[in-house]
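Okay, sequence plus prediction incoming.
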Amino acid sequence: MKCFTTTNTLNKKNLTLFISVFGVFIFLASHAFAQTGNIRGRIADAGIDNPLKNATVTIAEDSTLKATTGPDGTYRLSNVPVGRKTLIITFIGYERTTIPNVDVSSGKDVVADVKLTEKFNSLAEVVISAGPPKDRPLNKLAAVSARQVSPEEISKFAGGRSDVARLATNFAGVSAPDDSRNDIIVRGNSPTGVLWRIEGIPVPSPNHFSSLGTTGSPVSALNVNVMGNSDFITSAFPGEYGNALGGVFDIAFRKGNKDAYEYTLSAGAFTGAEAMAEGPLGKKGSFLVAGRYGLAGLFGAGGTTAQPNYMDLSFNFDLGKTKIGNFSLFGIAASSNIDFRGDGIDESDLFAAKDENTDVKSQFGVLGLKHQISINDHSSIKTTIGGSSSTEKVDRERIFNYNTAQHNTLPFTNIDNNERRITLSSVYNARYNNRFTLRGGILLEQYRLRAELTTRERQGDANGDSYPDYINLINSDNNYTVFQPYVQGHYRLLESLTLNAGLHGQYFSLNKAFVAEPRASLSWKVAPAHSISFGYGLHHQNVPAPILFLNQYVNGSPVQSNKNLDLAQSNHYVLGYDVRPASGWRTKIEAYYQSISKAAVEATPSSYSSLTEGATFGFSIDKFGLVSKGTGRNTGVELTIEKFLSNGWYGLTTASVFEAKYKGSDGIERNSPFNNGYVVNVLSGKEFKVGSGRNVFFADTRLSTAGGRYYTPVDLAASRTAGYEILQDNNAFSRQYDAYFRMDIKLGMKLNSSRKKISHQFYIDLQNVTNKKNVFVRRYNRLTNNVDQADQIGLFPDFGYKLQF
């Protein structure tokens with residue numbers, strides 16, 4: 001599908017209005033008084049997720065403010081002064097844990113869920129302080145290349161648009177192919193290699209305007225206000241993750257407030273208008289419902305005359321504890337559409353064309369029922385059954401002989417895709433002692449894919465009517481199964497030495513293939529502030545559906561000649577060193593090597609490989625009879641220097657130097673389109689207390705630079721003859737765009753009401769504040785009959801307001 005980008009400018013009148021409103025908030029904050037808020041959450045065992053009763057939660061700044069967890073592990077701290085606080089959690093037999101910088105506001109309870117690790121020696125009296133756990137993943141079996149992401153981080157960082165995928169581009173080893181979409185490149189892998197999970201089950205791309213086989217789009221359908229703390233993993237995944245080569249987003253939904261009703265109203269130029277409600281449900285449960293409606297078109301967030309429209313609804317109903325366990329119902333329903341009209345398009349615009357009219361519609365939905373039960377104090381079972389659906393419809397017509405008396409409008413492309421999944425996930429966790437934890441489970445996905453692609457793109461004129469033939473390239477109505485059993489163990493060999501090892505299996509019914517994948521990691525704490533880690537994983541992933549189900553016409557009959565392709569295979573090795581040089585600081589170095597085999601390539605010598613898919617908006621439509629003989633490799637070194645938020649400021653610097661290469665069937669090693677070579681990010685932020693209370697003015701900055709993307713030059717003479725773009729296959733990915741640079745600045749206010757349980761927040765996010773013209777693409781334009789260049793987003797002021805009560 002075609003994409004849209006945000007506009008480069010905002011008129012001076014609107015910008016003046018934003019600054020004026022911002023000034024009013026500063027004035028109000030300086031005259032406001034202090035207020036109190038509440039902290040609530042759940043304390044559980046890190047290995048098996050069983051609730052811990054009688055754990056103690058204390059405010060470090062005032063030890064008289066403390067709470068004890070109930071039978072379900074929940075606690076509540078009331079009348080806590082607003083501002084950032086530190087929690088201390090203790091429980092007999094478990095390591096003491098501190099949670100710094102819990103941001104208390106007057107308008108809404110803050111949620112702080114914590115998982116505790118059992119002491120290696122339960123008789124020891126030594127108190128171990130875990131320190132800031134925000135960088136450590138929730139999944140304790142993810143010992144390498146993994147970190148936790150919080151809703152606060154997603155909302156806080158400059159330039160992030162409250163999008164978890166865009167947040168991830170700040171981490172070492174991660175980059176974005178362009179500013180218009182939230183696809184991510186993880187350690188040189190295609191964005192198609194990313195796995196999305198919501199509440200433990202895999203889902204299609206959770207985005208608006210998404211396409212079959214992709215993992216990103218211009219706008220996320222994940223609402224940060226519904227999300228809880230989640231995990232992001234970049235390689236050597238634990239045994240429970242499969243069918244992915246690039247990275248994993250393991251997204252969790254938070255529970256609603258079971259003690260009081262709370263509401264949120266907000267509006268943002270990119271996130272849209274939102275209304276959210278949460279509160280008690282019955283005697284033991286809670287509900288959380290949030291709806292959003294896109295405002296991008298209203299505020300000029302469209303690079304063409306087209307206006308993007310999108311809306312979504314997210315919910316999580318916690319039905320409370322029953323005699324047979326805890327039940328919860330969660331889901332997302334999202335819908336989007338955009339219409340491009342050629343009469344409003346400039347001839348040099350490469351996102352749409354003057355001789356085309358295109359209507360795009362997409363829908364995404366997921367519905368899941370989760371059941372969790374504690375078998376005893378040392379084991380539990382979590383089972384989730386869910387359904388998901390992703391629909392994409394594109395109708396495109398082209399005006400042939402454009403701008404002449406002989407112009408003729410004909411259907412050019414029709415796409416009608418619907419992917420449905422029924423998913424069953426069941427996980428068994430058991431902690432046998434303070435050294436050994438076992439996790440095993442199954443994941444069963446039943447797919448129903450109905451896909452259709454009919455187009456004149458790159459077609460000849462066999463019927464002699466002077467127009468390209470309208471050919472059906474995909475006409476699929478398939479049912480297939482992906483089955484993934486796994487088992488893994490977490491074993492503390494010594495107090496300072498931990499081994500994670502497991503085995504993941506994957507069965508793909510289309511080609512009847514079953515693979516067994518060993519996974520292992522070793523973490524050694526060589527000194528109190530120093531640790532070394534090593535990880536290995538064998539991973540497989542099926543070729544994207546748009547390639548698998550392409551029709552090749554043999555003697556006039558369609559044949560799906562790619563349907564039986566092997567699963568692409570990856571061996572991933574990671575070595576890491578982590579040091580905590582001072583309180584609140586962290587430095588981490590990781591080196592990795594990834595060897596990829598069994599990628600899909602053409603049977604005759606060419607530069608094509610399925611490893612290069614995902615570099616553009618669509619997939620190849622002329623690759624038939626592929627064979628699983630392609631290879632690739634990714635090698636790199638990453639550095640992370642992080643200063644966690646304390647004393648009102650934070651900092652994050654990440655740097656990656658890497659190489660991504662592949663071989664097609666011609667045997668020539670080439671640059672991957674994802675081989676940027678280097679990526680550097682520098683982020684920092686400061687909070688300033690305003691007035692006599694705990695109101696805050698904040699400033700956040702982000703600077704990002706990366707090597708230019710490699711691309712294949714256009715064969716201009718051949719393109720002019722054919723009337724469509726033809727690339728120089730023998731020079732595939734031999735040219736490189738100029739280096740990428742972008743700087744963002746975000747300013748905002750948090751204001752707590754002096755009399756009511758209300759809080760306000762307002763921000764202005766100046767994205768690409770230097771208005772740098774980064775290259776987006778160089779592509780053949782049939783209307784200008786030349787190779788034209790389109791640039792990425794220029795200066796774009798995003799802004800938003802939030803009211804919580």
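On my side now, so go ahead. All values derive from a computational prediction rather than experimental measurement.

Next secondary structure element downstream of the helix or strand where residue 382 lies?
For residue 382, the element it lies in under DSSP states H and E is strand 379-400. Downstream of strand 379-400, the first helix or strand assigned by DSSP H and E is strand 408-431.

That next one pairs with which strands, and in what direction?
Using DSSP bridges, strand 408-431 pairs in its sheet with strand 379-400 (antiparallel), strand 436-455 (antiparallel).

and the nearest residue to residue 188 once chain neighbours are set aside, helix, strand or coil?
In space, and not counting its chain neighbours, residue 188 is closest to residue 660: 3.0 Å by Cβ to Cβ, 6 or more residues apart in numbering. The way it works is simple: take the backbone N, C-alpha and C, and place the C-beta from them, glycine included. Classification of residue 660 by DSSP: H, G, I helix; E, B strand; the rest coil places it in strand.

any chance of the strands paired with strand 408-431 in CSV, plus mean pLDDT and mean neighbour count?
As requested, the strands paired with strand 408-431 are exported to CSV (pLDDT from 0 to 100; neighbours: other Cβ atoms under 10 Å):
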stretch, mean pLDDT, mean neighbour count
strand 379-400, 97, 20
strand 436-455, 97, 19
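
wait, doesn't the residue nearest to residue 188 sit right on residue 186?
No - the pair residue 660 / residue 186 is not scored as a contact, 10.7 Å apart, by Cβ atoms under 8 Å.

before we move on, the earlier item: quick one: which of the strands paired with strand 408-431 is nearest residue 708?
Nearest of the strands paired with strand 408-431 to residue 708, taken as Cβ to Cβ: strand 379-400 at 29.9 Å.

roughly how far out does the closest one sit from the chain middle?
Between the centre of strand 379-400 and the centre of its chain there are 16 Å (Cα atoms, centre = their mean, to the nearest Å).

Contact partners for the residue nearest to residue 188?
By Cβ atoms under 8 Å, 6 or more residues apart in numbering, the contact list for residue 660 reads 187, 188, 189, 632, 633, 634, 671, 672, 674, 675.

what do you get for residue 174?
Counting by Cβ under 8 Å, 6+ apart, residue 174 touches 168, 184, 185, 186, 187, 234, 247, 656, 679.

and if we set it to 6 Å?
Going by Cβ atoms under 6 Å, 6 or more residues apart in numbering, residue 174 touches 168, 184, 186.

The last one bridge partners, please.
Here residue 186 sits in beta bridges with residue 174, residue 189, as judged by DSSP bridges.

Please tell me how far it sits from residue 688.
Distance of residue 186 to residue 688, given as Cβ to Cβ, to the nearest Å: 35 Å.

do residue 545 as well
50 Å.

Which one's more surrounded, the two?
Ranked by neighbour count (other Cβ atoms under 10 Å), residue 545 and residue 688 place residue 545 first, with 21 against 12.

mind giving me a markdown table with the strands paired with strand 408-431 and columns for distance to residue 470?
Shown next, in a markdown table, are the strands paired with strand 408-431 (distance: least, Cβ to Cβ, whole Å):
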| stretch | distance to residue 470 |
| --- | --- |
| strand 379-400 | 11 |
| strand 436-455 | 6 |
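
angle of the one helix or strand residue 480 maps to against strand 408-431?
Assessed by DSSP H and E, residue 480 sits inside strand 471-494. Per axes from the mean of the first three to the mean of the last three Cα atoms, to 10 degrees, the angle that strand 471-494 makes with strand 408-431 is 20 degrees.

if we can go back for a sec, could you dump the contacts of residue 660 into JSON lines with pLDDT added?
JSON lines is the format used below for the contacts of residue 660 (pLDDT from 0 to 100):
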{"residue": "187", "pLDDT": "98"}
{"residue": "188", "pLDDT": "97"}
{"residue": "189", "pLDDT": "97"}
{"residue": "632", "pLDDT": "99"}
{"residue": "633", "pLDDT": "99"}
{"residue": "634", "pLDDT": "99"}
{"residue": "671", "pLDDT": "98"}
{"residue": "672", "pLDDT": "98"}
{"residue": "674", "pLDDT": "97"}
{"residue": "675", "pLDDT": "97"}
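
Can you name the two of the residues you listed that sit furthest apart?
So, the contacts of residue 660 by Cβ to Cβ: farthest apart are 187 and 671, at 15.1 Å.

In terms of neighbours, single out the busier of those two.
residue 187 (29 against 21).

if we can go back for a sec, in the strand holding residue 480, what's buried?
471, 473-474, 476, 478, 480, 482-490, 492 (16 or more other Cβ atoms under 10 Å).

What pairs with the very next helix or strand once past it, parallel or antiparallel?
Towards the C-terminus, the helix or strand next in line after strand 471-494, according to DSSP H and E, is strand 497-508. According to DSSP bridges, strand 497-508 forms sheet pairs with strand 471-494 (antiparallel), strand 513-527 (antiparallel).
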